[in-house]
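Trainee: with the input below, show me the fold.
(one chain, ligands or ions: 1)
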Amino acid sequence: MNIVLLGPPGAGKGTQGERLAEECGIPKYATGDMLREAVRADTRLGHEAAAYMKKGELVPDEVVFGLIREALATPAAQNGFILDGFPRNVSQAKGLAGLLEAQGTALNAVVYFNVPEEELVRRLSRRRVCAQCGKDFNVEADAPGSDCVCNECGGEIKTRDDDRPETVRMRLKVYREQTAPLLDWYEANDVPVRKLDALGSVDDVYGRLKSLVDCR
Ligand code: AMP
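Mentor: Next up, the predicted model:
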């Protein structure tokens, strides 16, 4: 199955997508993770992307599209994949459709993670990340500990730069203006959007997600 997870920042696409990818035995590609990895590795691409990410703006289409094109060409992606955080606007969605068509395939499902904006702001204010390996934490659920050290790699746990309130406001604005229109765009292009109530515990949301997406 070729699946796109669509929804605002903080909706839980990363957490749920990780679990779904594992259960379905297909890779998950998150452009945000790929870009943060490039920033950490201090590559030229990372350098270019960092300026946009810091402000909560979208990185230019050709940069993220290059990452996705490369990922979808790998053998791992040939039996299905999950995309998280891509596409983010209509131009990226058109690029993805063209790429898949050229490979003789198409999207099977778009899942929209529905979460009210005040809950997104609350979740993002509680999110922390390991500066070294990128693992996500939540100050309430994971209680990362008074020493603030990642339990996987020992790296320092910090607030993501773009989870600061002023940047969160910009990211939500960008989502409303550029990404939300994709819901109508997909419907108009005959890719049904499955709406997921993404409020509640991780297990509850995952149960609902599984009832929308059958990866067998
Ligand atoms: P995320 O982890 O998906 O919230 O992404 C973090 C940041 O990475 C976004 O605010 C953008 O600056 C950038 N980014 C991630 N995915 C994309 C994309 N598909 N197009 C453009 N920018 C992106």
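
Trainee: list the contacts for whichever residue of the chain sits closest to the ligand?
Mentor: Closest contact between the chain and the ligand, by Cβ to the nearest ligand atom, is at G32 (2.1 Å). Just so you know, the C-beta spots here come from the backbone N, C-alpha and C atoms, and that holds for glycine as well. Counting by Cβ atoms under 8 Å, 6 or more residues apart in numbering, G32 makes contact with 14, 84-85.

Trainee: hmm, try it at 6 Å
Mentor: G85 (Cβ atoms under 6 Å, 6 or more residues apart in numbering).

Trainee: pull out the buried residues from the helix or strand harbouring it.
Mentor: For G32, the host element (DSSP states H and E) is helix 31-40. For helix 31-40, a neighbour-count test (16 or more other Cβ atoms under 10 Å) marks 31-32, 34-39 as buried.

Trainee: quick one: pLDDT of the residue of the chain closest to the ligand?
Mentor: Looking at G32, its pLDDT is 97.

Trainee: beyond the lowest-mean-pLDDT helix or strand in the chain, next helix or strand please.
Mentor: Least confident helix or strand, the chain: strand 136-138 with a mean of 86, by mean pLDDT, DSSP states H and E. Note on strand 136-138: by DSSP H and E, the next helix or strand toward the C-terminus is strand 157-158.

Trainee: neighbouring contacts of that following strand?
Mentor: With Cβ under 6 Å, 6+ apart, strand 157-158 has contacts from 128, 130-131, 137, 144, 148, 150.

Trainee: in ChimeraX, select just the buried ones from these.
Mentor: Buried residues among the contacts of strand 157-158 (16+ other Cβ under 10 Å), as a ChimeraX selection:
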select :128,130,137,144,150
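
Trainee: can I get the contacts of strand 157-158 in a markdown table with distance to E57?
Mentor: Formatted as a markdown table, the contacts of strand 157-158 follow (distance: Cβ to Cβ, whole Å):
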| residue | distance to E57 |
| --- | --- |
| R128 | 23 |
| C130 | 24 |
| A131 | 22 |
| F137 | 25 |
| P144 | 29 |
| C148 | 29 |
| C150 | 28 |
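
Trainee: which stretches of this protein aren't confidently modelled?
Mentor: 143-147 (pLDDT under 70).

Trainee: what do you get if the cut-off is 90, keeping everything else the same?
Mentor: Within the chain, the ranges that satisfy pLDDT under 90 run 131-149, 151, 160-161, 192, 214-216.

Trainee: what segments of it are helices?
Mentor: Here the chain has its helices, by DSSP state H, at 13-24, 31-40, 44-55, 61-72, 90-102, 117-126, 165-174, 181-188, 202-212.

Trainee: isn't C153 right next to G134, touching?
Mentor: No - counting by Cβ atoms under 6 Å, C153 sits too far from G134 to count as a contact (9.4 Å).

Trainee: now P192. Its backbone dihedrals?
Mentor: As for P192, its main-chain torsions (degrees, to the nearest 10) stand at phi -60, psi 140.
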